[in-house]
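J.: Sequence plus predicted model, see below.
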Amino acid sequence: MSSGAAVGGLVDCGSGVRLERGVRCVLADGVALVSDHYYPPGAGPHPTLLMRQPYGRDIASTVVYAHPVWFARHGYNVVIQDVRGRGDSEGEFYPFRHERVDGAETLRWLRGRPESNGKFGMYGFSYQGMTQLLAAAAQPQGLLCIAPGMAAYDLYHGWFYHNGALRLSSALGWGLQMLREDARRLGLRAASAALEAAWINVRGEPLHAPYRNHPVLLQEGLPPYVINWFDHDHPGRYWSQMDVSQSVGQIQVPALHVSGWFDTYLKGSVDGFLALSAGAGSALARDNQYLVAGPWVHIPWGDLIGDRDLGPAALLDTDAILLRWFNHWLKDSGEFDHEPKIRHFALGANTWHEAQQWGGGFALELFLRGDDRANSRKGTGALATTAPSVEEPRDIFVYDPEVPVHGPGGALSASGPANQAALEMGNNLLVYTTAPLTAPLHVFGSPEVEIHLSTSANSADLAAKLVRVLPNGRAEFVCIGIARSSYLFAGQAYAADAVHRWRFCLEPTSCVFAVGESLRLEIAGSAFPLYDRNPSVAGVKAGVAEPWNWRRSTHAVLHEPGHASLLRLPIVEAGA
């Protein structure tokens, strides 16, 4: 029988693997979901791996994972299903809304099929990671483990917003991607043409202001979910009913989490690992949460990002790890018995490290210092281990929403360890740098800033970025954090020209700063278009702001006794 030939309604995929296309599962509400089923060689029944995704089931996350045929060769039924309203599945698609119930019903249906031995695992990344978490919260019988990659247990905090600031580039870009398929399914030719034109220039679309009223989102007949994301700019039931942030205790299965230091959903992945480690609904689940944190962007997972080569260790065989994970839980192989809870790639050193708990063992405090001005890397801003003992001049910069400071990937919001040196020439940001290190320093965890700041506006953002400075002057992005005054000081009186303490975490990282290198902290009023820009006017939401109501504002950072601004770093002990 030649490879690819259909025999008895099945397609021969070689090595004894057979494919059954277009299998229908009719849900309780009458909607039919469609899946492709890959059957392993040999007599069954076998354990089953399920992936539920919205991008067309033939893709099956093969941008980062092995093809389903590979997993089937290793003794698994593999089911790739189009979620409701996508691909060939019926119903209306609204991201995340139906995945808890639909996932549980799908597993109940699969459990009754003759090829199933009743043991199930789920895998996939991004949206496919969310479908796993949501299905697991419904506690379907037979689901023994999941492997969510680059997802978020909390949609507001880990997927769409960061301390009140919208992850604009990713939210708008992904929204346009999803709406393109909706327009085609609904037969909306005009809307489809407009969305395709926007997709060609997807990196430039965040420039449209107001972004909430982008004409392409308002095409007649399109579903409203992208606009809903923008309108719900604070946490609440809208978000929690579509994620597992309020139902962590309902998840009772082990999980292997995969994240990337330069992934859009990095914080969401790590927070999910930590939340389930602490609060999953069974001791088995709490004790069996694992994290692989690599040096990767969302797509692909490898050793090259832009102009940087992260070394051969970055080419980790995640498929082999995934296979061992499923063998352990679905075939009782014991292959994960001696795995570390956390496997993390240290940037800079470009080596993998193991840990049994999250974060560095102690916090190193580096204080913002200066005796003149810290504007740009030409200034005199410094990071020092000693706090200021006398009042030092305040460092002042101007935030202009019309000319915002760009995020680490520049105007295109490209992910990765991009060189920040050109960005740091502007006087519209502050730069604080340590002296060259005389001993290596390993930062592992979530850095935190505590900045004493006054602004001339009654609404403001503060962006903080950790940078690794090489001896040749290259300034590599490591991680970033941002906070919006309306979020950080919610319920408090935030006033213009008053000093407030801004305390928040940056996104997590693992980075070794070598001898001769320096640590640098950048402070700015924006990180556009990675995050949306604040109009600097209280009561005017960023999503509906436009040049007509944008306002410039002046920011002043204090470093003096009683108002010592600092960077707090989680440090791994030498040799750990």
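T.: Received the coordinates, thanks.

J.: Poorly predicted segments of the protein, please.
T.: The model of the chain has pLDDT under 70 over residues 1-8, 574-576.

J.: Identify the structural domains in it and state their residue ranges.
T.: Using automatic domain parsing, the domain parsing of the chain gives 6-158+240-355, 165-232, 362-572.

J.: Export the ones you listed to CSV and append columns for mean neighbour count.
T.: Where you see a C-beta, it was placed from the backbone N, CA and C, and this is true even at glycine. As requested, the domains of the chain are arranged in CSV below (neighbours: other Cβ atoms under 10 Å):
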stretch, mean neighbour count
domain 6-158+240-355, 20
domain 165-232, 18
domain 362-572, 20
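
J.: how about the helices in this protein?
T.: Using DSSP state H, the helices of the chain run over 68-73, 99-111, 127-137, 155, 168-186, 189-200, 225-231, 237-240, 266-279, 283-287, 318-330, 485-488.

J.: relative orientation of the fifth one and helix 127-137 in degrees?
T.: Think helix 168-186. 80 degrees (axes from the mean of the first three to the mean of the last three Cα atoms, to 10 degrees).

J.: Spit out the contact partners of the closest residue to Trp159 other than its chain neighbours.
T.: Distances taken as Cβ to Cβ, 6 or more residues apart in numbering place Ala152 nearest to Trp159, at 4.2 Å, with adjacent residues excluded. Each residue near Ala152 by Cβ atoms under 8 Å, 6 or more residues apart in numbering is listed here: Met130, Gly158, Trp159, Asp243, Tyr265, Lys267, Gly268, Ser269, Asp271, Gly272.

J.: Pull up the gap between Ala152 and Ala514, please.
T.: Distance, Ala152 to Ala514, by Cβ to Cβ, to the nearest Å: 32 Å.

J.: same check, this time on Leu322
T.: Distance, Leu322 to Ala514, using Cβ to Cβ: 32 Å.

J.: Next: Trp159.
T.: Relative to Ala514, and taking Cβ to Cβ, Trp159 is found at 34 Å.

J.: And Thr380, by the same measure?
T.: With Cβ to Cβ as the criterion, Thr380 and Ala514 are 24 Å apart.

J.: Can you say which of the helices of the chain is nearest to Val79?
T.: helix 99-111 (6.4 Å; Cβ to Cβ).

J.: roughly how far is stretch 435-442 from the heart of the chain?
T.: Offset of stretch 435-442 from its chain centre (Cα atoms, centre = their mean, to the nearest Å): 29 Å.

J.: Ok, stretch 75-88 next?
T.: How far stretch 75-88 lies from its chain's middle: 23 Å, per Cα atoms, centre = their mean.

J.: again with stretch 63-71
T.: On Cα atoms, centre = their mean, the centre of stretch 63-71 falls 22 Å from that of its chain.

J.: And stretch 20-31, by the same measure?
T.: Centroid separation for stretch 20-31 versus its chain: 31 Å, with Cα atoms, centre = their mean.

J.: same question, stretch 80-100
T.: Between the centre of stretch 80-100 and the centre of its host chain there is 22 Å, according to Cα atoms, centre = their mean.

J.: and if you look at stretch 367-385?
T.: Stretch 367-385 sits 31 Å away from the centroid of its parent chain (Cα atoms, centre = their mean).

J.: switch to numbering from 39
T.: Happy to do that; since the first residue is 39 now, the last one works out to stretch 405-423.

J.: hmm, back to that, closest one to Lys503 among the helices of the chain?
T.: If you check each of these against Lys503 by Cβ to Cβ, helix 304-317 wins as the nearest, at 14.3 Å.

J.: quick one: that closest one to helix 165-175, angle?
T.: Angle, helix 304-317 to helix 165-175, by the same axes, to 10 degrees: 20 degrees.

J.: Provide the contact partners of helix 304-317 at residue level.
T.: Residues from elsewhere that reach helix 304-317, judged by Cβ under 8 Å, 6+ apart: 167, 171, 186-193, 195-197, 200, 283, 286-287, 289, 293, 295-298, 301, 323-324, 327-329, 331, 379, 396, 484, 545-546.

J.: switch the cut-off to 7 Å
T.: Contacts of helix 304-317 with the rest of the structure, by Cβ atoms under 7 Å, 6 or more residues apart in numbering, involve 186, 188-192, 195-197, 286-287, 289, 293, 295, 297-298, 323-324, 327, 329, 396, 545-546.

J.: what about Ala384, distance to Ala331?
T.: From Ala384 to Ala331 the distance is 10 Å (Cβ to Cβ).

J.: mind listing what the residue nearest to Ala176 when sequence neighbours are not counted touches?
T.: Leaving aside its chain neighbours, Ala176 sits nearest to Ala142 (3.7 Å; criterion: Cβ to Cβ, 6+ apart). Taking Cβ under 7 Å, 6+ apart, we find Ala142 in contact with Ala173, Ala176, Pro178.

J.: Now do the closest residue to the first one other than its chain neighbours against Ala495, distance only.
T.: Excluding its sequence neighbours, the residue lying closest to Ala173 (Cβ to Cβ, 6+ apart) is Gly141, at 2.9 Å. Gly141 sits 45 Å away from Ala495, taking Cβ to Cβ as the criterion.

J.: And Val69, by the same measure?
T.: Separation of Val69 from Ala495 (Cβ to Cβ): 49 Å.

J.: and if you look at His601?
T.: With distances taken as Cβ to Cβ, His601 is found 20 Å from Ala495.

J.: before we move on, back to that, right, and the pair among the contacts of Ala190 with maximum separation?
T.: Met168 and Lys305 (14.6 Å).

J.: Would you mind confirming that Gly222 makes contact with Ser230?
T.: Small correction: residue 222 is Arg, not Gly. Yes: under the criterion of Cβ atoms under 7 Å, Arg222 makes contact with Ser230 at 5.7 Å.

J.: could you check the distance from Leu226 over to Val254?
T.: When distance is defined by Cβ to Cβ, Leu226 is 12 Å away from Val254.

J.: Please disregard the earlier target; I meant Leu224.
T.: Distance of Leu224 to Val254, computed by Cβ to Cβ: 15 Å.

J.: And Leu402, by the same measure?
T.: 47 Å.

J.: Let me see the ranges of the strands in the stretch 289-438 of the chain.
T.: Along the stretch 289-438 of the chain, counting by DSSP state E, counting those that start in this stretch, strands occupy 293-298, 327-332, 342-343, 346-347, 380-384, 389-393, 400-407, 420-422, 433-437.

J.: need those strands in TSV with distance to Arg241, can you?
T.: Converted to TSV, the strands of the stretch 289-438 of the chain look like this (distance: least, Cβ to Cβ, whole Å):
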stretch	distance to Arg241
strand 293-298	20
strand 327-332	24
strand 342-343	17
strand 346-347	20
strand 380-384	27
strand 389-393	32
strand 400-407	33
strand 420-422	33
strand 433-437	23
